[in-house]
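Trainee: Need coordinates for the below:
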Amino acid sequence: MKTFTSLAMSLAWIAASGASAHSQTAPATGAIDTVPPGTVLETPFAFVSGTLTLPGTLTLPARPQRQIPVALIVAGSGPTDRNGNSAGALRAQNNSNLYAILAWQLANAGIASLRYDKRVIGDNLQKIDVARTSIDDFIADAIAGARILFTDKRFSKVIMIGHSEGAELVLQAANRGAPVAGIVMLSGAGRPIMTVLREQLSKQLPPAELVKWDSASARYLRGEDPGDVHPGLRSLLLPANRLFMQTWAKYDPVAEIKRVKVPVLIVQGGLDIQVTEADARALKAADPAAQIVVIPAANHVFRAAASTDRMLQLRLYTDPTIPIVPELTPAIVDWVKKLK
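Mentor: Numbering: from 1, shown residues only. Predicted coordinates for the structure are as follows:
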């Protein structure tokens, strides 16, 4: 069976590896995933969202000052944990440790952060009804995290940093009242998800299979049986994920960013094979006040790539020892320092 590389496939949502709750528990992780440098202090930090308690990690400078900024790091699509790594079988496709590394670098620059496990990770997966879960639940989680940080007297201001799907979540969270001084959109789409997904698949499917996908995905979103589709794409059309995909498909990033009332930083890699510089430019055009930073050599997980060849980029998603591009953290830090 052909393996497809795409935003919704490589980092697919909860049922993508078989809809088994037990199969999504993350395996034991090595030191690169769990041991921060000695220059930072990490402690467990959980917060309540609805009926769930979402576990996370609070990262501070080893000698924190009072009233420092704090960032809520919101993960991208898929069963992605607080460190930016996929759970279960998908770990082999996404083990970048991006969010942990970013948190450590931010702490070294005097910015605290909280990164948390999504509601589809670990024990919380047993407590939710996947078929009744929508993108609104993930937005509510981000808002709850921002609110708890806002009440913490250790922090001067709250920002949200969202990566990939997380970039969409923080934008919507800000528009729904999250108490934030600004948002950072890393590798965020500038078009609806089904448009982005179709573009990705068009580069990998023969024309006849793409026509099948168009028909099947339209039926799926209408609540009908999707019918015939390439076997490698069936996990994108599972009944358990229908409500989530229906609500995600309604999200229009350009319309949403036009409504935003807080400062926005858009950061995009020039060699990203999942979303493109054109997406970032579309977001910037819709919000002229936003700041945009394009890092020419960066890919979707902000590793330096040599090209947009999908196979050549594979290791950049799976080797957490590869450093993130040096431009990423300073761009965020400089922007945060200018926020009121």
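Trainee: What's the separation between the residue of the chain positioned farthest from its centre and Val229?
Mentor: Distance to the chain centre peaks in the chain at Ala208, reaching 31.4 Å (criterion: C-alpha atoms, centre = their mean). Noted for Ala208: a distance of 12 Å to Val229, by C-beta to C-beta, to the nearest Å. Where you see a C-beta, it was placed from the backbone N, CA and C, and this is true even at glycine.
Trainee: can you count the residues close to Leu171?
Mentor: Neighbour count for Leu171, taken as other C-beta atoms under 10 Å: 27.
Trainee: Contacts only, for the closest residue to it other than its chain neighbours.
Mentor: Of all residues not flanking Leu171 in the chain, Glu256 sits nearest, at 5.3 Å (C-beta to C-beta, 6 or more residues apart in numbering). Applying C-beta atoms under 8 Å, 6 or more residues apart in numbering to Glu256 gives the contacts Glu168, Leu171, Gln172, Asn175.
Trainee: from those residues, which ones fall inside helices?
Mentor: Glu168, Leu171, Gln172, Asn175 (DSSP state H).
Trainee: and which of those residues is nearest to Asn299?
Mentor: Of all these, Asn299 sits closest to Glu168, with 19.1 Å by C-beta to C-beta.
Trainee: Touching, the closest one and Gly188? I think so.
Mentor: Yes. With contacts counted by C-beta atoms under 8 Å, Glu168 reaches Gly188, the gap being 6.3 Å.
Trainee: follow-up on the earlier one: would you list the contacts of Glu256 in TSV and tack on pLDDT?
Mentor: Formatted as TSV, those follow (pLDDT from 0 to 100):
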residue	pLDDT
Glu168	97
Leu171	98
Gln172	98
Asn175	98
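Trainee: Make a ChimeraX selection of whichever of those turn out to be buried.
Mentor: Only the buried entries of the contacts of Glu256 go into this ChimeraX selection, using 16 or more other C-beta atoms under 10 Å:
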select :168,171,172,175
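Trainee: Find the pair from the contacts of Glu256 with maximum spatial separation.
Mentor: Of all pairs drawn from these, the greatest distance, 11.0 Å, lies between Glu168 and Asn175 (C-beta to C-beta).
Trainee: Please, where are all the strands along the stretch 151-300 of the chain?
Mentor: Taking DSSP state E, counting those that start in this stretch, the strands of the stretch 151-300 of the chain run over residues 155-163, 182-186, 264-269, 291-295.
Trainee: mind checking which of the ones you listed is nearest Arg222?
Mentor: strand 155-163 (28.9 Å).
Trainee: which residues are contacting the closest one?
Mentor: 67-76, 84, 98-99, 102, 112-113, 142, 146, 149-150, 168-171, 173-174, 178-188, 332, 336, 339.
Trainee: pLDDT (mean, whole number) over stretch 134-141?
Mentor: Averaging pLDDT along stretch 134-141 yields 97.
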